[in-house]
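1. below are the sequence and a predicted model; questions follow.
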Protein chains: 2
Amino acid sequence: MTRRHEHIADELRRAIAEGRHPVGAALPSESELAAAHGVSRGTLRQAFGTLQAEGLIGSRQGARRVVLSTTPSQSFTELRSFAQWARAGGRTPGGQVLDSRRAAATDAEAGLLQLAPGDEVLHILRIRTLDDDPVLLERTVYAGWTAEAVEQAPADCESVTQHLQDTVGLFMSHGEHHLDAVAAGTVDARELGVRRGSPLLRVRRTTTTPEGRPVETSDDRYRPGSVVFTVRNSVQANPLARTTPDRPAP
Amino acid sequence: MTRRHEHIADELRRAIAEGRHPVGAALPSESELAAAHGVSRGTLRQAFGTLQAEGLIGSRQGARRVVLSTTPSQSFTELRSFAQWARAGGRTPGGQVLDSRRAAATDAEAGLLQLAPGDEVLHILRIRTLDDDPVLLERTVYAGWTAEAVEQAPADCESVTQHLQDTVGLFMSHGEHHLDAVAAGTVDARELGVRRGSPLLRVRRTTTTPEGRPVETSDDRYRPGSVVFTVRNSVQANPLARTTPDRPAP
DNA sequence: CAGTGGTCTAGACCACAGA
DNA sequence: CTGTGGTCTAGACCACTGT
C-alpha cells in the first residue's frame, strides 16, 4: 500500500457504503482514526478530504464529520470517457462512426482548440450505444495533430479515448462541460430514434491533456431517460482531497 | 488576513485572470512561492489545491503546475442559491410564488427528505426571473419542520435561502443535483412562455443542512438559452483544496 | 469546559519530468 | 542529473461545537 491515505479513504468509503455509518451519523474523530491506522493527522485529513470532495461527508469546525450520503457519487466528480462511465455502471458501451471528414477550423473551433483559424481539424459524427440502445450522438472536432491517430481507430471502436492512449500515448485529463437542453434536429431524431423536436440533453465539452493542450471539442446529445448527470455540491467552495497524479493507468 | 492560504489563492487567481499566467504556462514552483510569501510548503499547497479544485490549474508529479483556464469557474463547483448565482453574474433575480399548499409526504418525498411517509410537507410552485424574464419554474417540496418559516417569506421573496438563514438560522450547505432534459408540460409552457413540448433542462435537487439534514427537494425546469450549467473536471478524482467551514456568511 | 476540526510549521523521503 | 510535486510526520495554536 504505497499510498496510505488512499487506503484509509477506501476503508472509510466501504464502511459508509455498508451502512456502518448511516446518513446523518457522526464519524470518529481525526485523532481516533489517525491512532487506529497508525498515521499522522495530516495523512488522515487527506483521506477525509477525498470523501469530502466526493460529497460523501461534510465537516464543520468544532464538530465531528457527518455522513451526507451513502451512495458513491457517479459521473461528474471524475472525468470519464463514455466507455469508462458505461462499464462502471455495468452497461456495455458501443459506438459507430457515421461520418468523418477533415476541414479547416472555423474561428470558434480554433478558439476552443487553441489553434490558428484555418488549421486543419477532424470532424467525427459518432453514435454511442448502451447495451445496443442508441443513447448519445456525438459531433466531435479533433485538433489536426490528433487526426491520424483518430482516423486509425476502427469505426466501431468502443473507446476512442483508450485507443488514443494506447497507440500514441495521448492522455486526456481535464474537461470543461456546458449543459443545456435542445430540440432534436433531423439527424438527431433519426439516429437516436426519437421524434424531431423532442428534448435532448446537450453537453458541449472540451477535453485537454495534462499539460492543458486541447484535444477535442464536442457537442454531445443524450436521449432523455437513458442517462442522468449527477453533481454533488457544497458551499465550502471545494473540500480538501487527494490526488493521484495526471497519469494514464499502466 | 487570518487565513494565509486563502490570501495566496486569491493572489494567484488574480494573476491568472489578469493574464500574467496565460493558459498553458507553467506556474512558479511550490518552494519559490512558499519562500516569496514567507509560508511553509504545506500552506502553499493548500492554496494551489483550491485553484486545482476550481479547475484553473492542473498538476503532475515532477512537472510544474500548468494553467488550464483563465476564466473563473461559475456555478457548479460551489453550491449557490438562484439569487446568489444571478447576482454573481450581474443579473437581477426575482421570484413569485404561484401556489403553496401543505400535504402529506408521499413515499418518494419522505425518502428524499428523510421523513416518515405521511409526515407533513409544503409544496411550493415558484417562478424565477432574471431581469424580469422568466427562466426557471421550481416545484419545491420543503420538509414540514421548515414550513412555517417558508410560508412567512413574502410571495415575491428574492431569495428564500437568505430568508430562511436570516429568520430561523437555517443554513443549506450541501446539494445533490440530477440533470436531464424534459418536454415542457402545460404549466411549464404557460409560465415560462414557451411552446408545450419544447425542451427544458430539468434539475432535480435535494439540499441539506451542514449536519446532513434534508431541507428541500425540488424539480427545477430551465428555459433553454437563458441558462447554461458549467462543470470542470479532471481524471485525478479530486484535487486537493479547502476553504472556509460550513458556516453562513455573517 | 473538553474535544474537534481548521490552520500552520519545518522538517523528510520518494517518484517522476525534463534537460 | 536537478528540480518538481506527492506523501508523510510530529509537533503547535486557534476557533468553534456541544455539553
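-> Great, that's in hand.
2. for the nearest residue to residue A:25 once chain neighbours are set aside, list the residues it contacts.
-> Excluding its sequence neighbours, the residue lying closest to residue A:25 (CB to CB, 6 or more residues apart in numbering or on different chains) is residue A:67, at 5.2 Å. (Each C-beta comes from the backbone N, C-alpha and C, glycine too.) Residues in contact with residue A:67 (CB atoms under 8 Å, 6 or more residues apart in numbering or on different chains) are A:16, A:21, A:22, A:23, A:24, A:25, A:27, A:56, A:57, B:212.
3. tell me which of those fall in helices.
-> Taking DSSP state H, the ones among the contacts of residue A:67 that sit in helices are residue A:16.
4. just the buried members of the contacts of residue A:67?
-> Buried members of the contacts of residue A:67, counted by 16 or more other CB atoms under 10 Å in any protein chain shown: A:16, A:21, A:23, A:25, A:27, A:56, A:57, B:212.
5. so what's the fourth one scoring on pLDDT?
-> At residue A:25, the predicted lDDT confidence score is 93.
6. likewise the last one?
-> Confidence per residue is given as pLDDT, and for residue B:212 that number is 88.
7. what's the answer for residue A:247, then?
-> Note for residue A:247: predicted pLDDT of 38.
8. repeat for residue A:7
-> 95.
9. following element in sequence after the host helix or strand of it, please.
-> Using DSSP states H and E, residue A:7 sits within helix A:4-17. Past helix A:4-17, further along toward the C-terminus, the next helix or strand under DSSP H and E is helix A:30-37.
10. any idea how far residue A:203 is from residue B:203?
-> Applying CB to CB, to the nearest Å, the value for residue A:203 to residue B:203 is 14 Å.
11. in space, what's closest to residue A:124 - neighbours in sequence excluded?
-> residue A:140 (4.7 Å).
12. show me where chain A has its strands.
-> With strands called from DSSP state E, chain A shows them at A:57-60, A:63-67, A:93-104, A:120-130, A:133-143, A:174-183, A:199-208, A:214-222, A:229-234.
13. starting at the chain centroid, how far to the first one?
-> Spelled out, it's strand A:57-60. 24 Å (CA atoms, centre = their mean, to the nearest Å).
14. what about the helix holding residue A:7, near DNA strand D?
-> Yes - Helix A:4-17 lies within reach of DNA strand D by CB under 7 Å from any atom of the strand, at A:4, A:5, A:6.
15. between these, which has the most around it?
-> Ranked by neighbour count (other CB atoms under 10 Å in any protein chain shown), these have residue A:5 at the top, with 21 neighbours.
16. and it, what does it touch?
-> Applying CB under 8 Å, 6+ apart, the residues contacting residue A:5 are A:39, A:43, A:44, A:46, A:47, A:50, A:242.
17. by neighbours, which of those wins?
-> Neighbour-wise, the contacts of residue A:5 (other CB under 10 Å) top out at residue A:47, 28 neighbours.
18. any idea how far residue A:206 is from the spatially most central residue of chain A?
-> Geometric centre of chain A, nearest residue: residue A:79, 2.4 Å, by CA atoms, centre = their mean. Between residue A:79 and residue A:206 the distance is 12 Å, computed by CB to CB.
19. residues shared between the contacts of those two?
-> residue A:175.
20. mark out where each domain of chain A begins and ends.
-> Domains of chain A are assigned by automatic domain parsing as A:4-67, A:82-222.
21. same list (those domains) but as CSV, adding distance to DNA strand C.
-> Below are these laid out as CSV (distance: least, CB to the nearest atom of the strand, whole Å):
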stretch, distance to DNA strand C
domain A:4-67, 3
domain A:82-222, 7
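22. which of those sits closest to residue B:186?
-> Nearest to residue B:186, of all these, is domain A:82-222, at 15.4 Å by CB to CB.
23. what's the first-to-last distance across that closest one?
-> 12 Å (CA to CA, to the nearest Å).
24. pLDDT value on the closest residue in space to residue A:189 that isn't next to it in sequence, please?
-> Nearest non-adjacent residue to residue A:189, counting by CB to CB, 6+ apart: residue A:196, 4.3 Å away. Residue A:196 carries a pLDDT value of 97.
25. number of residues surrounding residue A:196?
-> 12.
26. was I right about it contacting residue A:184?
-> Yes - if you go by CB atoms under 8 Å, residue A:196 and residue A:184 touch, sitting 5.7 Å apart.
27. neighbours of residue A:232, how many?
-> Residue A:232 has 20 neighbours, counted by other CB under 10 Å.
28. let me know the outermost residue of chain A.
-> residue A:35 (34.9 Å).
29. pretty sure residue A:200 contacts residue A:220?
-> No - if you go by CB under 8 Å, residue A:200 and residue A:220 don't touch, sitting 9.5 Å apart.
30. of these two, which one has the most company?
-> Neighbour totals were compared for residue A:200 and residue A:220, and residue A:200 leads with 26 against 21 (other CB under 10 Å).
31. tell me how far that one lies from DNA strand D.
-> Computed as CB to the nearest atom of the strand, to the nearest Å, the residue A:200 to DNA strand D distance reads 37 Å.
32. ok, now which ones touch the residue nearest to residue A:189?
-> Here residue A:196 is in contact with A:183, A:184, A:185, A:186, A:188, A:189 (criterion: CB under 8 Å, 6+ apart).
33. in TSV: the residues you listed, plus distance to residue A:104 and pLDDT.
-> Formatted as TSV, the contacts of residue A:196 follow (distance: CB to CB, whole Å; pLDDT from 0 to 100):
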residue	distance to residue A:104	pLDDT
A:183	29	97
A:184	28	98
A:185	24	97
A:186	25	98
A:188	25	98
A:189	29	98
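34. show the buried residues in those.
-> A:183, A:184, A:188, A:189.
35. the second one and residue B:233, how far apart?
-> Put plainly, it is residue A:184. The gap separating residue A:184 from residue B:233 is 26 Å, by CB to CB.
36. ditto for the last one
-> Distance from residue A:189 to residue B:233, counting by CB to CB: 29 Å.
37. low-confidence bits of chain A, can you list those?
-> Counting by pLDDT under 70, the low-confidence segments of chain A come to A:1, A:73-75, A:77, A:236-250.
38. which parts of chain A sit against DNA strand D?
-> A:2-6, A:38-43, A:46, A:60-63, A:242-245.
39. may I see the buried residues of stretch A:25-43?
-> In stretch A:25-43, counting by 16+ other CB under 10 Å, buried: A:25, A:27, A:28, A:30, A:33, A:34, A:37, A:39, A:43.
40. before we move on, what about stretch A:3-17?
-> A:4, A:5, A:6, A:8, A:9, A:12, A:13, A:16.
41. repeat that for stretch A:195-210.
-> Within stretch A:195-210, the residues that count as buried by 16+ other CB under 10 Å are A:197-210.
42. quick one: which of the residues you listed is nearest residue A:105?
-> Distances from residue A:105 to the buried residues of stretch A:195-210, taken by CB to CB, are shortest for residue A:206, at 13.4 Å.
43. run through the bridge partners of residue A:182.
-> Counting by DSSP bridges, residue A:182 forms beta bridges with residue A:200.
44. distance of it from residue B:233?
-> 21 Å.
45. and for residue A:9?
-> For residue A:9 relative to residue B:233 (CB to CB), the value is 19 Å.
46. now do stretch A:214-230: distance to the chain's middle.
-> 10 Å.
47. first-to-last residue distance for it?
-> 25 Å.
48. the closest residue to the residue nearest to the centre of chain A other than its chain neighbours: neighbour count?
-> Of all residues not flanking residue A:79 in the chain, residue B:233 sits nearest, at 3.9 Å (CB to CB, 6+ apart). Using other CB under 10 Å, residue B:233 has 20 neighbouring residues.
49. got a list of what residue B:233 touches?
-> A:76, A:77, A:78, A:79, A:174, A:175, A:176, A:177, B:55.
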